[in-house]
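**Student:** Please work out how this folds:
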Amino acid sequence: MIATILPESAVAVERRDDREPVTLFAAEEAALGRAVDGRRAEFSTARGCAHRALAQLGLPAGPVPAGPRGEPLWPEGAVGSIAHCEGYRAAVVAPAAELLTVGIDAEPHRPLPEGLLADVSRREERDWLQALGVTMPATHWDRLLFCAKEAVYKAWYPLAERWLGFEDATLRVDPRQRSFEAKLLVPGPVVGGAEVTGFRGRWLVEDGLVLAAIAVQR
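**Tutor:** Just a heads-up that it's a prediction; the model follows:
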């Protein structure tokens, strides 16, 4: 599914359950520590997706360990992102020569838990959420906002290597084009002599899921 909102240079591998056994590398096992069974299952399946995606890029088998904030550490020559939620795991990778960064996220297509929206949104975002909720009520726009902001963070972190809060970017969704634009409200990383000031992405609601993806061309 998520491949439909990504460029052709990106390879996506998805799973809807954890039934397929996955052999983790030692560095990946170390990242799990004493994780409970549910966390171990989703992590292992997502890492299995990453292994398959990297193999499709022609890269040798190797671990995808976790960095200081839990972010996946990709092998030289690749960029990527991992997402997992209830009933869905995915990994997307691409040649670093073609894409600068990738960020994906997945969420169940249902309303955010009560009280969470105020913590993850800005006033101007809640205004358009309310308007879309009236005109297009079939989509849970609050969950889409959360999903897209998670994708923004995942695209941001490999470039900036620092935290980005929900309040540090303002997001606007195009419901017709199924796209979104995030404007950074804090100084962005400088890449190739230019400051990154925001991200553009695409979204999809399908089969009970909300998916968001950002892929920045190099």
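**Student:** Any idea how many residues pack against residue 49?
**Tutor:** 25 (other C-beta atoms under 10 Å). The way it works is simple: take the backbone N, C-alpha and C, and place the C-beta from them, glycine included.
**Student:** Nearest residue to residue 167 in space, please, no chain neighbours.
**Tutor:** Closest residue to residue 167 apart from its sequence neighbours, by C-beta to C-beta, 6 or more residues apart in numbering: residue 122 at 6.2 Å.
**Student:** Could you report the separation of that neighbour from residue 13?
**Tutor:** 34 Å (C-beta to C-beta, to the nearest Å).
**Student:** Equivalent analysis for residue 202, please.
**Tutor:** For residue 202, the distance to residue 13 (C-beta to C-beta) stands at 18 Å.
**Student:** now residue 114
**Tutor:** Per C-beta to C-beta, residue 114 is found 34 Å from residue 13.
**Student:** Among these two, which residue is more densely surrounded?
**Tutor:** Higher neighbour count among residue 114 and residue 13: residue 13, with 21 against 6, using other C-beta under 10 Å.
**Student:** Next up, phi/psi of the more buried one, please.
**Tutor:** The phi and psi values for residue 13, taken as degrees, to the nearest 10, are phi -130, psi 130.
**Student:** same check, this time on residue 217
**Tutor:** Dihedral angles phi and psi of residue 217 (degrees, to the nearest 10) take the values phi -70, psi 140.
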